[in-house]
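[1] From the sequence below, what's the structure:
(one chain, ligands or ions: 2)
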Amino acid sequence: MSASVSSRAEAAYLGLALGDALGATVEFLTPREIVQQHGVHREISGGGWLRLKPGQVTDDTTMALALGQAILKCERRIEALACAEAFDAWMRAKPVDIGNTVRRNLIQFRKTGHPEAPYSEHDAGNGAAMRVLPAALATLGKSEAEVRAACRVQAHVTHHNEVSDAACEFIALMVQDAIQGASLRDLYRQRIIPFVVHWPIYTWRGRWHANPSGYVVDTLRAVIQSLMETDSFESCLVDVVNRGGDADTTGAIAGMLAGALYGVEALPERWLNMLEDSIASSVTGQARALLPS
Ligand code: MN
Ligand code: MN
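    Ligands and ions are numbered 1, 2, ... in the order given. Take a look at the predicted model:
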């Protein structure tokens with residue numbers, strides 16, 4: 001793997017963790033409440049409804065790390081049972097937060113041993129999309145069909161829904177293009193336009209997507225709008241988390257995309273300095289290990 005690809009992969013994973021840590025402070029606030037409490041929220045300061053330490057991350061980052069471990073255990077293949085076992089072990093370790101769909105379907109896995117959740121038209125939360133990055137890194141260089149299939153295997157452990165699948169596959173392909181050097185303009189033409197043509201529900205244009213919920217369509221509209229209307233890692237993340245709502249998750253997804261796009265030099269030093277050391281070393285170590293050699 002070339003040095004620039006592996007450095008952008010590390011930037012994507014660090015970006016995920018930075019966006020999670022930044023956004024968690026304002027998760028579930030409205031934009032107006034954020035203005036009242038923080039002005040513009042632009043520092044990794046902890047707190048929020050989870051009362052985090054500054055630089056602490058949440059389920060978005062730790063589920064991605066659990067997925068990455070499962071992939072590495074299977075010699076870089078994405079296998080449903082290994083993913084389910086890793087998520088189950090993650091849940092047993094009492095994470096700081098956990099989504100309802102994730103919890104329900106992991107409890108179901110404990111009962112049945114079957115690592116695929118039943119199809120549900122309601123399970124279109126952002127829980128599978130927020131953690132998809134390790135699957136994108138491990139399948140770099142594979143065919144688009146294989147990338148999409150790998151995304152669905154990891155997603156269906158907890159979220160078996162075509163709208164969630166579309167989001168996971170879109171994010172993974174965007175990340176792969178960006179770490180291989182695509183510009184924002186390339187991403188817009190090659191991925192964003194075809195995606196919203198195929199899935200008009202994801203169209204982000206027009207109104208400012210404030211207060212995005214955990215519904216993956218809300219999440220991704222906010223992320224795409226922030227990505228398209230800013231020109232740096234920091235401005236993209238500040239823009240997306242100040243919309244409030246599921247801000248740690250919009251931050252995490254925007255962080256992986258903008259990290260891959262703008263590279264490691266664009267990650268603000270003052271944010272990297274705040275990130276928990278063990279998380280920073282885990283994400284960079286996994287980024288290197290997951291890429292094909
Ligand atoms: Mn979270
Ligand atoms: Mn969240």
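
[2] alpha carbons only for contacts and neighbour counts from here, please
    OK.

[3] Name the residues of the chain found near ligand 2, please.
    With C-alpha under 5 Å from the ion as the criterion, the chain meets ligand 2 at residues 246, 248, 249.

[4] from those, which is closest to residue 185?
    residue 249 (24.1 Å; C-alpha to C-alpha).

[5] what's the burial count for the closest one?
    For residue 249, the neighbour count with other C-alpha atoms under 10 Å is 35.

[6] Can I take it that it is in a strand?
    No: applying DSSP: H, G, I helix; E, B strand; the rest coil, one finds residue 249 to be helix, outside a strand.

[7] and the gap between it and residue 80?
    23 Å (C-alpha to C-alpha, to the nearest Å).

[8] next one: residue 187
    In terms of C-alpha to C-alpha, residue 187 sits 29 Å off from residue 80.

[9] Compare the two and say which one has the larger neighbour count.
    Neighbour totals were compared for residue 187 and residue 80, and residue 80 leads with 21 against 18 (other C-alpha under 10 Å).

[10] buried stuff in the lengthiest helix in the chain?
    Longest helix of the chain, by residue count under DSSP state H: helix 3-24. Residues of helix 3-24 classed as buried: 5-24 (neighbour count, 16 or more other C-alpha atoms under 10 Å).

[11] and what of stretch 89-101?
    Judged by neighbour count using 16+ other C-alpha under 10 Å, the buried positions of stretch 89-101 are 90, 91, 101.

[12] Do me a favour and get the end-to-end distance for that stretch?
    16 Å.

[13] How about stretch 26-35?
    Per C-alpha to C-alpha, the first residue of stretch 26-35 is 10 Å away from its last.

[14] what about it and ligand 1, touching?
    No: Stretch 26-35 lies out of reach of ligand 1 by C-alpha under 5 Å from the ion, never closer than 8.4 Å.

[15] List the buried residues in that stretch.
    Buried residues in stretch 26-35 (16+ other C-alpha under 10 Å): 26, 27, 28, 29, 30, 31, 34.

[16] Confirm for me that the first one is in contact with residue 46.
    Pointing back at residue 26 there. No: with contacts counted by C-alpha atoms under 8 Å, residue 26 stays clear of residue 46, the gap being 9.3 Å.

[17] ok now stretch 99-112, how far from the chain's centre?
    Relative to its chain's centre, stretch 99-112 lies at 20 Å (C-alpha atoms, centre = their mean, to the nearest Å).

[18] Could you pull out the buried residues of it?
    For stretch 99-112, by 16+ other C-alpha under 10 Å, it's 101, 102, 105, 106, 108, 109.

[19] distance of residue 147 from ligand 2?
    25 Å (C-alpha to the ion, to the nearest Å).

[20] quick one: which helix or strand includes that residue?
    helix 144-156 (DSSP states H and E).

[21] likewise residue 109?
    Judged by DSSP H and E, residue 109 forms part of helix 100-112.

[22] now that helix against helix 144-156, angle please.
    In terms of direction (axes from the mean of the first three to the mean of the last three C-alpha atoms, to 10 degrees), helix 100-112 departs from helix 144-156 by 80 degrees.

[23] Which residues outside helix 100-112 are in contact with it?
    Contact with helix 100-112 is made by 84, 87-88, 91, 115-117, 123, 125, 127, 157-159, as judged by C-alpha atoms under 8 Å, 6 or more residues apart in numbering.

[24] what's downstream of it, the next helix or strand?
    According to DSSP H and E, the helix or strand after helix 100-112 is helix 133-138.

[25] In that next one, which residues are buried?
    Quick answer for helix 133-138 (16+ other C-alpha under 10 Å): 133, 134, 135, 136, 137, 138.

[26] Cool, thanks, talk later.
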